[in-house]
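Undergrad: here is a sequence together with a model predicted from it:
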Amino acid sequence: MISPSLSARRALPRPSFVRRLSRVTVTSVITWFAGGCFALLAIAVLGSVAITSFATNWRAGWWPAAFTSRWYGQAWNSTGISQSLIVTFEVSVAVVLIALAAGVPAGYVLARKKFPGKSAFMLVMLLPIILPTMTYAVQLAAMMYRFGLGGSLPAVILVNLVPALPLVILITVPFVEQISPEVENAAKVFGASSLRLFTRVLLPLLAPGVVAAGILCLMRVLGQFELTFFVSNASTQTLVVTIFGALSDPGGVPAQLVAAMTMFYMVIALIGLVITFRFSNPADALSRRAR
C-alpha cells in the first residue's frame, strides 16, 4: 500500500522550467538558433555601417582610430543628399497613395468577380514582381523619354508604379476573400450605397491588408534602383540612386562618407516602419480576427 506522503509527492506538479524543457523539440531549437544567427548577423552588419560612418580612419585592427561626425555634414552639404531625401519622400508618398487608391478597388473586383481568363490576368500581373527589374527597365525608360517625360518627377513616379500597383492588388485579393459576402448584403439591405459600403464597411475590415500593402509598397519604392536610375536626372534621383552615384564616383569617395549616406537611408526606412506600426499592426489585426 502506498503511503499518503509518497502519493502526495507524486501528485506535486513539476516546476515550470521542467514543463517548458519537456516541450522543447528539435524543430524549435533549429528555428531559434537560425533566428538568433540571423539577428546577430543583421545587428553586426548595421553596427559596422554605423561605426564606419563615425570613423576618422581605421587601424589594422577591428576598431577605428577615432570618431567624428563630420561625414554627416559633408554628406548633407556636398553629395546632394538633401535634395534626394525630398525626392524620395515625394515619390514614396505619391506611389503608395496612387497604388492604394487604384489597387484596393481593383483587388476587390478581382476577388469578387469571376470572368474568363482571370487566372491568366493574375499571372500577367505577377510578371513585374517576379521578373528581374532590368528586363523591362530599359524599355520603360525609352518610352518615358519618347513621351518627353525623361528626367522628370512624374516619370520616376510612373515607372515605380509598374511593380507597386500589382503588388497592392495581389495583397488585397486574399484579404477581400476572407470577408463574407453576407456582410455586404446586410449593408445593402439597410440602404448603404456602393460608396458608403466600401468606405464604411469594407475599408475598415480591409485595414490590415491595406496597411500591409502600403508597407511593402513603401519598401519597394525605397529600394527600387534600376527603374529610377534610368529615368531620373541629378534633380529627380532618389536616395538609393544618389548612394550608387557616390559609390561609382571615379574620384573615389571615402567609405565613411558612403556609410553616412547609407545611415540616412536606413533611418528613413526605420522611421517609416515605426510610424506605420504605431497606428496599425497587420499581424495583431489578423490574430484578433482569427479569434
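TA: Sure, I can see it. This is a predicted model, so every value here is computed, not measured.

Undergrad: low-confidence ranges in this protein?
TA: Along the chain, segments meeting pLDDT under 70 span 1-24, 58-61, 250-252, 276-291.

Undergrad: show me it divided up by domain.
TA: Domain assignment for the chain by automatic domain parsing gives 21-68, 79-290.

Undergrad: out of those domains, which one sits most buried?
TA: Highest mean neighbour count of the domains of the chain: domain 79-290, a mean of 16 (counted as mean count of other C-beta atoms under 10 Å). Where C-beta positions appear, they are placed from N, C-alpha and C, glycine not excepted.

Undergrad: which ones are touching residue 205?
TA: Applying C-beta atoms under 8 Å, 6 or more residues apart in numbering to residue 205 gives the contacts 179, 183.

Undergrad: run the last query once more with 6 Å
TA: Residues in contact with residue 205 (C-beta atoms under 6 Å, 6 or more residues apart in numbering) are residue 179.

Undergrad: which residue packs closest to residue 262, ignoring adjacent ones?
TA: Leaving aside its chain neighbours, residue 262 sits nearest to residue 49 (5.6 Å; criterion: C-beta to C-beta, 6 or more residues apart in numbering).

Undergrad: test my guess that the one you found contacts residue 260.
TA: No - in this structure, residue 49 is not within contact of residue 260 by C-beta atoms under 6 Å, at 9.3 Å.

Undergrad: hmm, back to that, could you measure from the residue nearest to residue 262 over to residue 270?
TA: 13 Å (C-beta to C-beta, to the nearest Å).

Undergrad: just residue 30 next, same as before
TA: 29 Å.

Undergrad: surely residue 84 is in contact with residue 243?
TA: No - at 8.5 Å, residue 84 and residue 243 do not qualify as touching, with contact defined as C-beta under 6 Å.

Undergrad: next, the spatially closest residue to residue 57 that is not a sequence neighbour: phi, psi?
TA: Computed as C-beta to C-beta, 6+ apart, the closest residue to residue 57 that is not its neighbour in sequence is residue 65, at 5.4 Å. The phi/psi pair for residue 65 (degrees, to the nearest 10) reads phi -70, psi -40.

Undergrad: go on, residue 108?
TA: Backbone torsions for residue 108, taken as degrees, to the nearest 10, come to phi -60, psi -40.

Undergrad: which ones are touching it?
TA: Counting by C-beta under 6 Å, 6+ apart, residue 108 touches residue 176.

Undergrad: all good on my end, thank you.
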